[in-house]
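Chemist: Fold the following for me, if possible:
(2 chains)
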Amino acid sequence: MTEKLPQQAAFPLAYTLALHVAERMNIRALGIKGPVTTAYGFNDPKTSSDADVIVEEDRLWEYVSALEKRGWRRRPHWHAPALFPAHSLTMYHELWPVDIDVHVTFPGCFAANDVTFEALWAHRQRLTIAGVQCLVTGAIGSALIALLHALRHPNSPKQIANHRRVVEVFETRDSFADDLDQLAQLAIETEALEALADDFAAWKVHGLPELHEGNQRLWRLYTETHEAGSLAGWLVELRKAPLLKRPAILRRALVPSRTDLERDLKTADLTRGKRLKFIVGRLKDSFGQVRESVAALRRHGDVKDLQLYSQEPEQGSR
Amino acid sequence: MQGDCAGTRTVVLVLDSVPRVTEAVGVSEAGEALYLLSLGSDEMQSPVVIRDNGIAVWRKVDGERSVRLIAEEIAAAEGVDAFSIVDDVLAFLNAMADVGLIADTS
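Modeler: So this is what the prediction gives:
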């Protein structure tokens, strides 16, 4: 019987594997979050359930194929509408207790994916993870991502604390003044100014470009709805659809397919009873979230101008 | 030592071989075990785990010590005759070579 691989051991190795696969194929990729964030002091060491990398989007599917050769598989994506373009896909392996999240961008960066990647790539550094030199985001890029990650969850006490930690550590860096200039420049290039507006205001950074109103609305909408999963996407799809098509959409929203449930529950062993239990639980959870999502959408304005996207980067698209 | 892989065997170590760790080996710790992953091998799909004496051997693989010397040093540390452990050390190192974690320098 194969011994189960502990998550504590698997987590850093998943980073080294993900980054080494890219490097071998001359595909540009950077480690983000996790041990990278820790290396700069933005969080304490911890083990997560996924390793995160960002790759150049043009070569995403080559990269995915390379991981598939090592036994990794794409986690089936949820067939539900999303309000925002997919920023990542998830790879899993039967023998590993951690996933690999393959990013093409990061939520909060409204620039084109290749522009965001190039901006982060320009700040790259080498970091030793599990005894292997890996390419990762530098201090400024890591700070940007750490801030955006915390700000995605504005109502979470844990993320509020994480945000405060990142800010405090950033402010105590010897090179803070220069770093702040670089962070502002990076936020301009990646179009993350809107997401970091409050931080730059607190730091009294002047001379920044005017905020893009559309990005501001979208960021606000994202932070207010993404924790409810695909709920806001379904609400918008319902709102945009002709009346006669709405019952079918509602049914798809309320009764997910077996494939979608297996993805959500990370199991292929789904009995009818388990499926029913999950659906009922999900409906119960959704009731509270529906009102909040509707309110968030109303604050946004006319939802008919919102585009809907797939939950995963589209193969063959940029 | 456990793992889930089928290596492409290119070397068989003998007592006078001088093993070295191959390039790109990820090493991670959990509890009292080490988890080793050969990044250069598509065949190795998950890490192998080593403990105790395996870790002692692994830590002596440096591209300078021969298999024989590794066995002698470990035996000395354990207070046993090198002869009694050399075959096990050799077998262990060959198993590591089999999955691409070490190679022969000599």
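
Chemist: Please make it C-alpha for all contacts and neighbour counts, starting now.
Modeler: Noted.

Chemist: Can you pull the poorly scored residue ranges out of the chain?
Modeler: Looking at chain A here, since you left the chain open. Scanning chain A for pLDDT under 70 picks out the ranges A:1-2, A:78, A:259-270, A:316-318.

Chemist: The chain in question should be chain B.
Modeler: Using pLDDT under 70, chain B drops low at B:1-10.

Chemist: Now do the strands in it.
Modeler: In chain B, the strands defined using DSSP state E lie at B:19-21, B:25-30, B:33-38, B:48-51, B:102-104.

Chemist: just chain A next, same as before
Modeler: Under DSSP E, chain A gives strands at A:29-32, A:50-55, A:73-74, A:88-92, A:99-103, A:125-129, A:132-136.

Chemist: how distant is the longest helix seen in chain A from the center of its chain?
Modeler: The longest helix of chain A (DSSP state H) is helix A:272-300. With C-alpha atoms, centre = their mean, to the nearest Å as the basis, helix A:272-300 stands 21 Å off its chain's centre.

Chemist: Output the contacting helices and strands for that helix.
Modeler: Applying 3 or more C-alpha pairs under 8 Å, 6 or more residues apart in numbering or on different chains; DSSP states H and E, we find helix A:272-300 packed against helix A:213-225, helix A:231-240.

Chemist: tell me the most buried of those helices?
Modeler: Among those, helix A:231-240 has the highest mean neighbour count (mean count of other C-alpha atoms under 10 Å in any protein chain shown), at a mean of 21.

Chemist: measure the residue lying farthest from the centre of chain B to residue B:73 for me?
Modeler: No residue in chain B sits farther from the centre than residue B:79, which is 21.2 Å out by C-alpha atoms, centre = their mean. Per C-alpha to C-alpha, to the nearest Å, residue B:79 is found 10 Å from residue B:73.

Chemist: Same check on residue B:39?
Modeler: Distance from residue B:39 to residue B:73, counting by C-alpha to C-alpha: 29 Å.

Chemist: Which one of the two is surrounded by more residues?
Modeler: Legend: neighbour count by other C-alpha atoms under 10 Å in any protein chain shown for residue B:39 and residue B:73, higher for residue B:39 (27 against 16).

Chemist: Please state the backbone phi and psi of that one?
Modeler: Backbone geometry at residue B:39, expressed as degrees, to the nearest 10, gives phi -70, psi -20.

Chemist: what about residue A:198, how many residues close to it?
Modeler: Neighbour number of residue A:198 under other C-alpha under 10 Å is 11.
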